[in-house]
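S.K.: no sequence on hand, only this structure:
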């Protein structure tokens, strides 16, 4: 083949509905939050029941998606992985950074259910690291005999990130979790799982005291890091 | 997000050089042939050494590619997986069939080397199930902590396909393997690994006697199935 540029155009086959309303706070890989439930809505003309027949035989699913909100063309040959403290540059192809030539992401999720609701074909998935509104290009079943290589050597990211940061809820935040227990029973645990991973940009990890905001569900969560713990200050309706 | 169609256009960042000159014969998943060595050539402007810095710390790589020679729009809501004998229909999204809405493939390969040759940035990979000329959209390191789920439930494809079909080389074929031992030392083993997986279309599995041709390297391999074994008849220069 001649090394001429070749372009390929794809249609979104689906869209993600997720509690993560912005990028900030989303775990950097899938599978790190068991409370992260999302819905993959298949879009017409791909929303046909025959197209997912047999998928319920699989426990896990690959989602190939487009990084939401990352402008194409914004790639960089090197990036600073958060796992390396943000002060070491690696090639973009040696990371899963969003700033890649083609902003294509890959996420491994658990299949929790397949259903039709109000005419829409919906896949419930668990463990997704996907923002609300993420366009989906493809879904494929996970084949453990081909995809599982537990002994693969993994450079700078050999193990899952330590999730050791304690998360402390202030009285106002605690009260909101209690008040929403009926419609968002997992809210407290969701926030805890999200924040214990310390989503702060690596280069800011040392700066305690700054207040961050993260949008999840219909809420805006305000939090800070003090005394080596994440302090959840307030949980209020999103603006 | 409104469920409007959204389209995304991607540039090939690379191209595959592989011994498989046509689709017929290629193993249906990656990792099934350890003699299947391929080269991923990064194309300008993506062929920068900085972009792969740190990749040598990883043993495995995900390749996101475009199914070569499959016309877009040729999707089918259901397909007949060869693993089910070709007589049972499953949803295309429950398989890794090429006839999907977006002809995007995913292949897990081993990294054998990274080098620059005649100005080109080349990644040597092993175990690829990719046709020569395959356009590559993205490469990502394999992260075992996130990607390896050996216990995942896997519907109709729980285990690797049995590779039990004996492969017998006729005298002419044997002579070519010997003659090419200098430049293609793995030729005999490559053909054996490819054909023992029985690449015949599932619906023809019962029809012994038919002669098939498969193009690999610069060669055309003619073979048939008789007496429960693959018989390699001739290996001749590709037309």
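M.R.: Yep, that arrived. Computed from a predicted model, the values in this text were never measured in an experiment. Residues are numbered from 1 along each chain as shown, chains lettered A, B, ... in the order given.
S.K.: every contact and neighbour count from this point should use C-alpha atoms.
M.R.: Noted.
S.K.: show me what counts as buried in stretch A:149-168.
M.R.: Within stretch A:149-168, the residues that count as buried by 16 or more other CA atoms under 10 Å in any protein chain shown are A:149, A:152-158, A:165-168.
S.K.: can you put the residues you listed in TSV and add distance to residue A:78?
M.R.: Output for those, formatted as TSV (distance: CA to CA, whole Å):
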residue	distance to residue A:78
A:149	27
A:152	23
A:153	21
A:154	18
A:155	16
A:156	15
A:157	16
A:158	20
A:165	29
A:166	32
A:167	33
A:168	36
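S.K.: out of these, which touch chain B?
M.R.: When contact is defined as CA under 8 Å from any CA of the partner chain, the buried residues of stretch A:149-168 meet chain B at A:149, A:152-158.
S.K.: which of those residues fall in strands?
M.R.: Taking DSSP state E, every one of these sits outside strands.
S.K.: widest-spaced pair of these?
M.R.: A:149 and A:156 (16.8 Å; CA to CA).
S.K.: ok, residues contacting the top strand by length along chain A?
M.R.: Identified as the longest strand of chain A according to DSSP E is strand A:104-117. The contact list for strand A:104-117 (CA atoms under 8 Å, 6 or more residues apart in numbering or on different chains) reads A:29-31, A:56, A:58-67, A:96, A:98, A:121-129, A:142, B:138, B:146-147.
S.K.: now do 6 Å
M.R.: Identification of contacts with strand A:104-117 by CA atoms under 6 Å, 6 or more residues apart in numbering or on different chains yields A:30, A:59-66, A:122-128.
S.K.: show me where chain A has its strands.
M.R.: Applying DSSP E to chain A gives strands spanning A:7-11, A:14-17, A:37-42, A:60-66, A:78-79, A:90-91, A:104-117, A:120-126, A:135-141, A:167-169, A:212-216, A:219-226, A:229-237.
S.K.: now render those as TSV, adding distance to residue B:10 and mean pLDDT.
M.R.: Formatted as TSV, those follow (distance: least, CA to CA, whole Å; pLDDT from 0 to 100):
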stretch	distance to residue B:10	mean pLDDT
strand A:7-11	5	94
strand A:14-17	18	98
strand A:37-42	22	97
strand A:60-66	11	97
strand A:78-79	20	94
strand A:90-91	20	95
strand A:104-117	9	97
strand A:120-126	26	97
strand A:135-141	12	98
strand A:167-169	41	97
strand A:212-216	30	95
strand A:219-226	34	95
strand A:229-237	38	96
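S.K.: what's the distance between the closest residue to residue A:47 other than its chain neighbours and chain B?
M.R.: Spatially, and ignoring its direct neighbours in sequence, residue A:47 is nearest to residue A:121 (5.5 Å; CA to CA, 6 or more residues apart in numbering or on different chains). Per CA to the nearest CA, to the nearest Å, residue A:121 is found 12 Å from chain B.
S.K.: cool, residue A:184 as well?
M.R.: As judged by CA to the nearest CA, residue A:184 and chain B stand 22 Å apart.
S.K.: what's the closest non-adjacent residue to residue A:16?
M.R.: Take residue A:16 and drop its neighbours on the chain: the residue closest to it by CA to CA, 6+ apart is residue A:40, 4.7 Å away.
S.K.: er, residue A:234 actually
M.R.: Distance criterion CA to CA, 6+ apart; nearest residue to residue A:234, sequence neighbours excluded, is residue A:173 at 4.8 Å.
S.K.: what pLDDT does that neighbour get?
M.R.: The model reports residue A:173 with a pLDDT of 97.
S.K.: now residue A:160
M.R.: For residue A:160, pLDDT reads 77.
S.K.: ok, now residue A:2?
M.R.: Predicted confidence (pLDDT) for residue A:2: 44.
S.K.: now swap in residue A:203 and tell me
M.R.: Note on residue A:203: pLDDT of 63.
S.K.: before we move on, the earlier item: just the buried residues of stretch A:149-168 now: which is nearest residue B:200?
M.R.: Distance ranking of the buried residues of stretch A:149-168 against residue B:200, using CA to CA, places residue A:149 first at 28.0 Å.
S.K.: could you find the closest non-adjacent residue to the closest one?
M.R.: For residue A:149, the spatially nearest residue (CA to CA, 6+ apart) is residue B:148, at 5.5 Å.
S.K.: what sits against the one you found?
M.R.: By CA under 6 Å, 6+ apart, the contact set of residue B:148 is A:148-150.
S.K.: break chain A down into its domains, please.
M.R.: Domain assignment for chain A by automatic domain parsing gives A:14-155, A:167-237.
S.K.: deepest of the ones you listed, which one?
M.R.: Compared across the domains of chain A, domain A:14-155 shows the largest average neighbour count, a mean of 20 (mean count of other CA atoms under 10 Å in any protein chain shown).
S.K.: fine, thanks again, bye for now.
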